[in-house]
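# coords please:
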Amino acid sequence: MSNRFASGKKAIAECDRCGQLYLLKQLKTEIIKQKRYQLLVCPECWDPDQPQLMLGTFPVDDPQALRNPRPDTTYVTSGINSAGNLSGGSRDIQWGWNPVGGASNFGAALTPNYLVATTFVGTVSIS
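Residues are numbered from 1 along each chain as shown. All right, here's what the predicted structure looks like:
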């Protein structure tokens, strides 16, 4: 029984995208979103399938919540820190801006701040 099509060793075909002539065996099938289209394109025009177009095709399980979370008790039970001040435990955040440690000016009871700015001015010599 013979083949239904010729071998096409020397067959010339036109790229469906740019119109240039190539050997038929050099042209590739265009694939978009894992679906083959009837476009035969040259190696210069061929684009690999874009992975971002495959969003939603694979199941993604990324849980964010914990099953049995425990409350944060370190806020009350942490005691005094190394500076001798009452510490806030795991939520002990020091913050400040212009000037550093400026929380005492507008309500130190709400946001205690024990930051102290330390600066040093040196010299630079260029040779």
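# can you give me the helices for this protein?
Secondary structure of the chain by DSSP state H: the helices cover 74-77.
# any low-confidence regions in it?
For the chain, residues meeting the criterion pLDDT under 70 lie at 1, 72-117.
# all strands of it, in order?
12-14, 21-23, 28-32, 35-41 (DSSP state E).
# partners of the last one, with directions?
The one in question is strand 35-41. strand 28-32 (antiparallel) (DSSP bridges).
# in the strand it pairs with, what counts as buried?
28, 30 (16 or more other Cβ atoms under 10 Å). C-betas here are computed from N, CA, C, even on glycine.
# which residues sit against that strand?
16, 36-37, 39-43, 46-50, 53 (Cβ atoms under 8 Å, 6 or more residues apart in numbering).
# so which of these is the closest to T119?
Q50 (52.3 Å; Cβ to Cβ).
# how far away is the closest one from A6?
35 Å (Cβ to Cβ, to the nearest Å).
# can you check L24 too?
For L24, the distance to A6 (Cβ to Cβ) stands at 10 Å.
# next: V41.
Shown here: V41 relative to A6, a distance of 22 Å by Cβ to Cβ.
# among the two, which residue is more densely surrounded?
V41 (19 against 8; other Cβ atoms under 10 Å).
# quick one: contacts for the closest residue to the more buried one other than its chain neighbours?
In space, and not counting its chain neighbours, V41 is closest to R17: 4.8 Å by Cβ to Cβ, 6 or more residues apart in numbering. R17 makes contact with 39, 41-42, 45 under the criterion Cβ under 8 Å, 6+ apart.
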